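**Q** return atomic coordinates for the entry below.
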Amino acid sequence: KARSCADGRTKRRYIKKEDASSPTVALEAIFITMCIDAAEGRSAATIDIPGAFLHADNDEDVIMQLRGKLAELMVQIDPELYGKYVVMEGKQKVLYVKAQKACYGLLRSSLLFYLKLKGDLESLGFEFNPYDPCTANKMINGHQMTVVFHVDDLKVSHKDEKQIDCFADELRKIYGEKLTVNKGKVHDYLGMMIDYTQNGKVQISMIKFIKKIFEIFPELISSTAATPASDRLFQIRDEADAKFLDEERADMFHSIVAMLLFLCMRARRDIQTPVSFLTTRVQKPDEDDWGKLKRVLKYLKGTLYMKLTLEVDNLSILKWWIDASFAVHQDMRSHTGAMLTMGKGGIYSMSSKQKINTKSSTEAELVGVDDGMPMVMW
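**A** Below is the predicted model:
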């Protein structure tokens, strides 16, 4: 798979980061909508828009400089159009062109495509959720259709599968016939396998991703562990006594922890606590940290096929649990854990080291509630 990529670096001189950032659907919004899909017995589909950015027009003059071979290739494509505009700069042929479309690589391309897709959905009668800029809803025949999207990857659900077909047909009129639509009970969406096979339930798994971690890890994980961490998880040796990893193993440690962080925020929330700790150790890991990482991998090996199962008791009732473990870290800071459910399984969960020291377990729990409150309010 190859891409031609525009070089947008020169635009950084006058485009601020906040003026070029494009929103993507919140992970929590995806999980909540999946639960609603299962609870209401909706049909679901995932849709991919091909050549996404090229559907959006640039809203400013973007001049591109094509040098040497690139300029010659453009002339071969259309000699009459491009031939007369080729100039010599030194010993090199140069062609200046104006980019009409939001090419991949330009700073604002993602934002321009988002604005186009948002406008197209609004023109089809969708109303965007005020709490998530990539979640839109529309009432059709007395039932809600929900669309969530991450750039050009959409998930759409409705009680009537025919309405999803109608929605896909409307998108084809805008984005072309090559639109990819996957329907059924099982979907591969944003790295997660989403399974609606069981009535009223949705199961999320990332088995292939876990196997990939085992392939990358330089040591063979031959045994299993009953839990992802021991009671010595938060204990750290003094620097004088620690044996730090060499550069190669330290880089591998950092890479694997990053992959586990991606995993634990989605299908495997049961490893969040050790991964939360290991992320604080990536700058200078030692042999103990390597052992703690291997413990997580041993646990994953023994629970490879375990899936996160979500089920809803009542769509109007959100249940939160927030707790704190007092002064468990080496610097005497406490640790916060929180989880949201609507019946079975954690729709959202967090596990994080507190940012301030507390004087008692009571104060630690108050700080824990404060840590979780932004998501509770959201």
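**Q** test my guess that Asp48 contacts Tyr175.
**A** No - assessed by C-beta atoms under 8 Å, Asp48 is found out of contact with Tyr175, at 10.0 Å. Any C-beta I mention is one placed from the backbone N, CA and C, and that applies to glycine too.
**Q** who has more neighbours out of these two?
**A** Tyr175 (20 against 15; other C-beta atoms under 10 Å).
**Q** list the contacts for the more buried one?
**A** Contacts for Tyr175 were tallied using C-beta atoms under 8 Å, 6 or more residues apart in numbering; they are Ile49, Pro50, His55.
**Q** for it, phi and psi?
**A** Dihedral pair for Tyr175: phi -110, psi 0, per degrees, to the nearest 10.
**Q** so how far is Ala44 from it?
**A** Going from Tyr175 to Ala44 by C-beta to C-beta, to the nearest Å gives 20 Å.
**Q** buried subset of the contacts of Tyr175?
**A** Neighbour-count burial within these applies to Ile49, His55; the criterion is 16 or more other C-beta atoms under 10 Å.
**Q** list just the nearest of the contacts of Tyr175 to Tyr82.
**A** Nearest to Tyr82 out of those is His55 (C-beta to C-beta; 23.7 Å).
**Q** and the residue nearest to Asp19 when sequence neighbours are not counted, how many neighbours?
**A** Closest residue to Asp19 apart from its sequence neighbours, by C-beta to C-beta, 6 or more residues apart in numbering: Arg108 at 7.5 Å. Arg108 has 23 neighbouring residues, counting by other C-beta under 10 Å.
**Q** run the chain-centre distance for stretch 296-305.
**A** 22 Å (C-alpha atoms, centre = their mean, to the nearest Å).
**Q** my error: substitute stretch 43-62 in the last question.
**A** 18 Å.
**Q** hey, where'd the helices end up in the stretch 101-250 of the chain?
**A** 109-123, 161-175, 207-216, 247-264 (DSSP state H, counting those that start in this stretch).
**Q** which residues in the stretch 1-150 of the chain form strands?
**A** Assigned strands in the stretch 1-150 of the chain, in chain order: 43-48, 63-67, 87-89, 92-98, 127-128, 135-140, 143-150 (criterion: DSSP state E, counting those that start in this stretch).
**Q** closest one to Met193 among the ones you listed?
**A** Across those, closest to Met193 is strand 43-48 (C-beta to C-beta), at 11.4 Å.
**Q** from the contact counts, what lies against that closest one?
**A** Counting by 3 or more C-beta pairs under 8 Å, 6 or more residues apart in numbering; DSSP states H and E, the packing neighbours recorded for strand 43-48 are strand 153-158, helix 161-175, strand 180-183, strand 186-189.
**Q** with respect to burial, which of those scores highest?
**A** strand 153-158 (a mean of 23; mean count of other C-beta atoms under 10 Å).
**Q** what is that one packed up against?
**A** helix 27-40, strand 43-48, strand 143-150, helix 161-175, strand 186-189.
**Q** let's have the ones you listed in a markdown table, adding distance to Pro374 and mean pLDDT.
**A** Formatted as a markdown table, the helices and strands packed on strand 153-158 follow (distance: least, C-beta to C-beta, whole Å; pLDDT from 0 to 100):
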| stretch | distance to Pro374 | mean pLDDT |
| --- | --- | --- |
| helix 27-40 | 11 | 96 |
| strand 43-48 | 29 | 96 |
| strand 143-150 | 21 | 96 |
| helix 161-175 | 33 | 95 |
| strand 186-189 | 26 | 96 |
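**Q** among the ones you listed, which is nearest Met64?
**A** helix 161-175 (24.1 Å).
**Q** can you state the direction angle for the closest one and strand 43-48?
**A** Here the directions of helix 161-175 and strand 43-48 differ by 20 degrees (axes from the mean of the first three to the mean of the last three C-alpha atoms, to 10 degrees).
**Q** which parts of the stretch 201-350 of the chain are strands?
**A** 201-205, 308-312, 319-325, 335-341, 343-344, 348-353.
**Q** possible to save these as JSON lines with mean neighbour count?
**A** Below are the strands of the stretch 201-350 of the chain laid out as JSON lines (neighbours: other C-beta atoms under 10 Å):
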{"stretch": "strand 201-205", "mean neighbour count": "21"}
{"stretch": "strand 308-312", "mean neighbour count": "19"}
{"stretch": "strand 319-325", "mean neighbour count": "16"}
{"stretch": "strand 335-341", "mean neighbour count": "21"}
{"stretch": "strand 343-344", "mean neighbour count": "16"}
{"stretch": "strand 348-353", "mean neighbour count": "19"}
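**Q** next, format these as TSV and append distance to Lys298 and mean pLDDT.
**A** TSV is the format used below for these (distance: least, C-beta to C-beta, whole Å; pLDDT from 0 to 100):
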stretch	distance to Lys298	mean pLDDT
strand 201-205	19	97
strand 308-312	20	96
strand 319-325	23	97
strand 335-341	22	96
strand 343-344	27	94
strand 348-353	19	95
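**Q** now distance to Thr33 too, for the ones you listed, in TSV please.
**A** Output for the strands of the stretch 201-350 of the chain, formatted as TSV (distance: least, C-beta to C-beta, whole Å):
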stretch	distance to Thr33
strand 201-205	10
strand 308-312	11
strand 319-325	18
strand 335-341	14
strand 343-344	15
strand 348-353	13
